[in-house]
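>>> I would like the atomic coordinates for the input below:
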Amino acid sequence: MIAASLRNAYESLRGHADEAALTMTAVLLCYFLALGLETAAGLHTDVLVLAVALTLTLARTQRTADLRRRLTACVLLPAVAGAATLLGRLLAYHYALGAAVFTVCISLPIWIRRFGPGAARAGTLMTLPLIALLVVPGPALPPRAESALVGWGWSAVTGLLACGCVWLVQAVGDRFGPRPSGPEAVPPRRPSRLRPRPSTRMAVQMAVAVAAAFVLGRILFDQHWPWMVLTAYVAASGNRGRNDVVRKGAERLVGACAGTLLATAVAVAGVGGRTAVVLIFAVLAVALWLRPLNYAFWAGGMTTALSLLLGYFGQDAQSLLLTRLGAIAVGAALTVASAWWVLPVPRRRRPLPAIPGPGSPREPGPRPSSATGG
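As a prediction, this is how the structure comes out:
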């Protein structure tokens, strides 16, 4: 059995290597284009982080997308990216109001899944800039910008860059490499007898976990609250039931702890500057490649990259080690508690529909089940 497991893991990694390479090529292309934009327009360095975050998460949703879905992404992603920049400002100046708006916006894409696959895909696109907002240390604005309209515009341009880079690289990959299989046909869903519907229950669970993370994150960890909110979201994304949330939370915690320790070791070794930037891309590439084996690899890679990024912006990884680990642990616990005790979804013989999110093992979409139907 061990030999068979190792063989399956090898086949999975070998098959995923091409996809990981395409994604990282798109990420690097968008990074260098954003770097040129930053230099030409006098933008803040955060625009580079926004470009990488959007490209990295967008690539998975567009791999087998048809023309209509790509055009939808071209319109929706820049608009939501701009709105997320305004939301970042709101969080900076009116934390409570900004947290409430963010909580509604992160839960809405789950609730609208009841309206079919198109709504689910649109919800995924709506989610991407919100997650980037938790990763980017500040809004992508020119230093001299004074109006919110300027920040909205540059963020929208960055969203367009991400779309263009993903489509270009994937088109070249399809032209000269193996083409991916198209999305599986989704059988008609049977109406759910559960009330409230599963999508409503999962949206409420997400809202409760994220809202609690905003409140406790600010009280317990001050300005480091994004670690807790991000963990609460990631642990709930791809939710297929209470046990799945526990597993995802545990994997997120284990991977994040390993990633934080690794980033701290890098900081102790004195790695910084351009070397740190190169290391961030290397870590992301390895995490993408290993993600099919276990979600903990992806969680660890993302946490390492984020820790290195914040170190690049001046945060002390050594002094914040316990703070980060504590925020991740509490965020995971909040998500587990929400999934188990806030409108829990009963276990079914077939898997429940996944909540859209970057942690999902495959592109999210409704699944045939008696528990589906919203």
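>>> so where's this protein shaky on pLDDT?
Applying pLDDT under 70 to the chain flags the ranges 1-12, 15, 137-150, 178-194, 238-241, 346-374.
>>> all helices in it, in order from the N-terminus.
Defined through DSSP state H, the helices belonging to the chain, from first to last, are 2-41, 46-62, 67-93, 95-111, 117-135, 148-176, 198-221, 225-236, 242-268, 273-290, 295-312, 321-341.
>>> what's the most buried one of the ones you listed?
Comparing the helices of the chain by mean neighbour count (mean count of other CB atoms under 10 Å), helix 225-236 ranks first with a mean of 28. In this view, the C-beta of every residue, glycine as well, is placed from N, C-alpha and C.
>>> burial check on D222, number of neighbours?
9 (other CB atoms under 10 Å).
>>> which residues touch V268?
V268 makes contacts with 317-318, as judged by CB atoms under 8 Å, 6 or more residues apart in numbering.
>>> let's see 7 Å
If a contact means CB atoms under 7 Å, 6 or more residues apart in numbering, then V268 has Q318 as its contacts.
>>> and for Y312?
272, 276-277.
>>> same deal with L22?
Each residue near L22 by CB under 7 Å, 6+ apart is listed here: 169-170, 173.
>>> now, among these, which is nearest to G326?
Nearest to G326, judged by CB to CB, of the contacts of L22 is V169 at 38.5 Å.
>>> wait, the closest one touches V27, no?
No - counting by CB atoms under 7 Å, V169 does not reach V27; the two are 9.0 Å apart.
>>> pretty sure R114 sits against S199.
Yes - with contact defined as CB under 7 Å, R114 counts as touching S199 (4.9 Å).
>>> quick one, what contacts M126?
Taking CB under 7 Å, 6+ apart as the contact definition, M126 lies against 76, 80, 109.
>>> grab the nearest non-local neighbour of the first one.
This means L76. Counting by CB to CB, 6 or more residues apart in numbering, L76 lies nearest to L125, which is 4.8 Å off, once chain neighbours are set aside.
>>> right, and the one you found touches C74 too?
No - under the criterion of CB under 7 Å, L125 lies out of contact with C74, with a separation of 10.0 Å.
>>> so which of the contacts of Y312 comes closest to T55?
Checking those one by one against T55 (CB to CB), the nearest turns out to be V277, at 15.4 Å.
>>> relative to A51, how far out is V157?
Using CB to CB, to the nearest Å, we find V157 at a distance of 10 Å from A51.
>>> ditto for L261
Spatial separation of L261 from A51 under the definition CB to CB is 28 Å.
>>> same check, this time on W298
If you measure W298 against A51 using CB to CB, the figure is 20 Å.
>>> list the contacts of W340.
R242.
>>> how does it look with 10 Å?
205, 242-243, 245-246 (CB atoms under 10 Å, 6 or more residues apart in numbering).
>>> show me the two of those that sit farthest apart.
The two members of those with the most space between them (CB to CB) are Q205 and N243, at 14.0 Å.
>>> between these two, what contacts are shared?
339-340.
>>> ok so, going back, closest to R70 among the contacts of L22?
Q170 (9.9 Å).
>>> hang on, isn't the closest one packed against T61?
No - assessed by CB atoms under 10 Å, Q170 is found out of contact with T61, at 11.2 Å.
>>> follow-up on the earlier one: and of the contacts of M126, the nearest to V336?
For V336, the nearest member of these is P109. The distance, counting by CB to CB, is 21.3 Å.
>>> quick one: the closest one and R14, what's the gap?
P109 is 33 Å from R14, where distance means CB to CB.
>>> same deal with A333?
Spatial separation of A333 from R14 under the definition CB to CB is 37 Å.
>>> and V266, by the same measure?
Going from V266 to R14 by CB to CB gives 29 Å.
>>> isn't A329 right next to L253, touching?
Yes - under the criterion of CB under 10 Å, A329 is in contact with L253, at a separation of 6.0 Å.
>>> residues that sit against both of the two, list them.
Between them, A329 and L253 share the neighbouring residues T231, with contact defined by CB under 10 Å, 6+ apart.
>>> got the contact list for the nearest residue to T85 once chain neighbours are set aside?
In space, and not counting its chain neighbours, T85 is closest to S155: 4.1 Å by CB to CB, 6+ apart. If you count contacts by CB under 10 Å, 6+ apart, S155 has them with 46-47, 50-51, 54, 78-86, 88, 129, 132-133, 136, 139-141.
>>> at 7 Å what do you get?
By CB under 7 Å, 6+ apart, the residues touching S155 are 50, 81-82, 84-85, 140.
>>> equivalent analysis for W111, please.
Taking CB under 7 Å, 6+ apart as the test, what W111 contacts is 199-200, 203.
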